[in-house]
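**Student:** Below is the sequence, then the predicted model.
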Amino acid sequence: MQRTLVSHALNAASPMDGILLQGWVRTRRDAKAFSFLEINDGSCLKGLQVIVDASLPGYDQIARATTGSSVEIVGRLVPSQGQGQKWELVATSFAVVGDADSTYPLQKKGHTLEFLREIAHIRPRSNLFGAVFRVRSRLAYAIHQFFQERSFVYVHAPIITASDCEGAGELFRVTTLDPKNPPTSPDGSVDFSQDFFAKKTYLTVSGQLEAEVFACALSNVYTFGPTFRAENSHTSRHASEFWMIEPEIAFCALDGNMDLAEEFVKYLIRDARKHCAADLEFFGKFVDKDLLPRLDFVLERPFQRCTYTEAIDILSRSGRNWEHPVSWGANLQSEHERYLAEEHFKCPVTLYNYPRTLKPFYMRVNEDGKTVRAMDLLVPGIGEIIGGSQREERLDVLLENMRQHQLSEKEYAWYIDLRRYGSVPHSGFGLGFERMLMFVTGVANIRDVIPFARTPGTAGF
RNA sequence: UGCCCGGUAGCUCAGUGGCAGAGCAGGUGACUGUUAAUCACUUGGUCGUAGGUUCGAUCCCUACCCGGGCAGCCA
């Protein structure tokens, strides 16, 4: 007999006989002559109510069907006599598959997110985390769909890299050397030429440079994979291991890049609204009351666009007392970004044309010589969700930038070659997948949108 | 890494320089087409760890550990 998932049973158009239900007990309520079971199998937020009559063989085992136990039920799907649900299953056979004793940590009542993080192996069985990870799965699918529909080629960037590219934060070293007794050079330093890859290697912080290589061959590409930062960040929006989507488009300037980013973000929101409707309604009810109106508002409105210079002007004239002073050439701080997205524009806003001195070597220098074609997409509540730029395609300017950043031409020879042979204007950006999930679900902590979060000091599961 | 808040029952929390508390969960019983069921009774504690002050510390002080928040770094 084939298993029927709860989601399929609940969407039934008519009664069904002899269906097999397998899942986990959420609650049991005993009446005199029968018991109610609520069974969840993760296929959707809601459970299926099951009636187990006391006359059934095996009913003597009903006491084992505690919260958290797994059960297997065959029965008839019929319209419910009760108020809370359309369908219910009248059992014709009932069996406990796996017991869960009274130490089962999930109660019928709500738990704090902090407690649930400590039981990361159990929390997917809760309503909230079931919903979060269904949305995560759906959006991963939608990401591929978005790019494949537009003829982008999916590129797998390496996880292990030799370039500590663009100085985007601290890197995790990858080595097989014995930490207690590493080989050394005559000068006493560790001799990495004897390491596994015969040089220093790291976990990647970004697939961008590799994506550029493929964009300069296949035109429109994207990466979607894990990236790693060894930053000692203790915030609700930083993780040591996170997933990033990085499209790279040949023959594309900054305007096209900003257009794509906006289209992409809206596409993902629209997809979740459509395909994860019940889960999003749950978030709107229990996580963030303003979630659904905010998402719909974001879908309806064009994102605002504003140059860095205009932003500095807005911030200077805001009349605020900034903790960090506002001046042209200084980095925008959290308080500034929050003000722009949440109070001034009250909507996602793309800032672009940043001072050259604030940005990495590969960004396209503008005609003014002072700014580069960088863009950051800021969203209310989270801040930066996308960072990107048009890339510097002129060989001489790129080399000059690298000299200013004191980068080795030798290490980046392959990257420089892209400008030497058939160079084209090209652009791309990185979207933090978990930050996007936070925005779509309203979940405020990045640790709660990753199945098993890695943050400084924590890798317990 | 800096600053701030917290750590008391399985969970969420109250509390006091002098006998350790509640709600929920768990257990027992009753009741019931129930649905975070309800009602009655009930089990449950190294008060984060180590020092110190004190006649006496869960409470005050110090250090450390753990969790969280904010900032920086970024996605």
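**Tutor:** Nice, I can see it.

**Student:** all contacts plus neighbour counts: C-alpha atoms, from now on.
**Tutor:** Noted.

**Student:** Show me where the stretch 351-461 of chain A has its strands.
**Tutor:** Secondary structure of the stretch 351-461 of chain A by DSSP state E, counting those that start in this stretch: the strands cover A:371-379, A:383-390, A:426-432.

**Student:** now those strands in TSV, with distance to RNA strand B, mean neighbour count and mean pLDDT?
**Tutor:** Output for the strands of the stretch 351-461 of chain A, formatted as TSV (distance: least, CA to the nearest atom of the strand, whole Å; neighbours: other CA atoms under 10 Å; pLDDT from 0 to 100):
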stretch	distance to RNA strand B	mean neighbour count	mean pLDDT
strand A:371-379	8	26	95
strand A:383-390	4	24	94
strand A:426-432	4	25	96
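
**Student:** Save these as JSON lines, and put in distance to A:T204 too.
**Tutor:** JSON lines is the format used below for these (distance: least, CA to CA, whole Å):
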{"stretch": "strand A:371-379", "distance to A:T204": "21"}
{"stretch": "strand A:383-390", "distance to A:T204": "17"}
{"stretch": "strand A:426-432", "distance to A:T204": "14"}
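
**Student:** for the ones you listed, which one sits closest to A:G460?
**Tutor:** Closest to A:G460 of these is strand A:426-432 (CA to CA; 23.0 Å).

**Student:** Run through the residues that contact the residue located most distally from the centre of chain A.
**Tutor:** Computed with CA atoms, centre = their mean, the maximum C-alpha offset from the centroid of chain A is found at A:S55, amounting to 49.1 Å. Applying CA atoms under 8 Å, 6 or more residues apart in numbering to A:S55 gives the contacts A:A33.

**Student:** Give me the pLDDT value at it.
**Tutor:** Per-residue pLDDT puts A:S55 at 88.

**Student:** list the buried ones in the lengthiest strand in chain A?
**Tutor:** Counting residues, the longest strand found in chain A (DSSP state E) is strand A:16-30. By neighbour count on 16 or more other CA atoms under 10 Å, the buried set for strand A:16-30 is A:18-28.

**Student:** nearest to RNA strand B, of those residues?
**Tutor:** Proximity of the buried residues of strand A:16-30 to RNA strand B (CA to the nearest atom of the strand) peaks at A:T27, which lies at 5.5 Å.

**Student:** Looking at strand pairing, list the partners for that closest one.
**Tutor:** A:E38 (DSSP bridges).

**Student:** okay but it is in contact with A:K109, surely?
**Tutor:** No: A:T27 lies out of contact with A:K109 (CA atoms under 8 Å); the separation is 10.9 Å.

**Student:** returning to what we had before: can you list the buried residues of strand A:16-30 in JSON lines and add distance to A:L378 and pLDDT?
**Tutor:** Below are the buried residues of strand A:16-30 laid out as JSON lines (distance: CA to CA, whole Å; pLDDT from 0 to 100):
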{"residue": "A:G18", "distance to A:L378": "52", "pLDDT": "91"}
{"residue": "A:I19", "distance to A:L378": "49", "pLDDT": "94"}
{"residue": "A:L20", "distance to A:L378": "48", "pLDDT": "96"}
{"residue": "A:L21", "distance to A:L378": "45", "pLDDT": "95"}
{"residue": "A:Q22", "distance to A:L378": "44", "pLDDT": "95"}
{"residue": "A:G23", "distance to A:L378": "41", "pLDDT": "95"}
{"residue": "A:W24", "distance to A:L378": "41", "pLDDT": "94"}
{"residue": "A:V25", "distance to A:L378": "42", "pLDDT": "92"}
{"residue": "A:R26", "distance to A:L378": "40", "pLDDT": "91"}
{"residue": "A:T27", "distance to A:L378": "42", "pLDDT": "90"}
{"residue": "A:R28", "distance to A:L378": "46", "pLDDT": "90"}
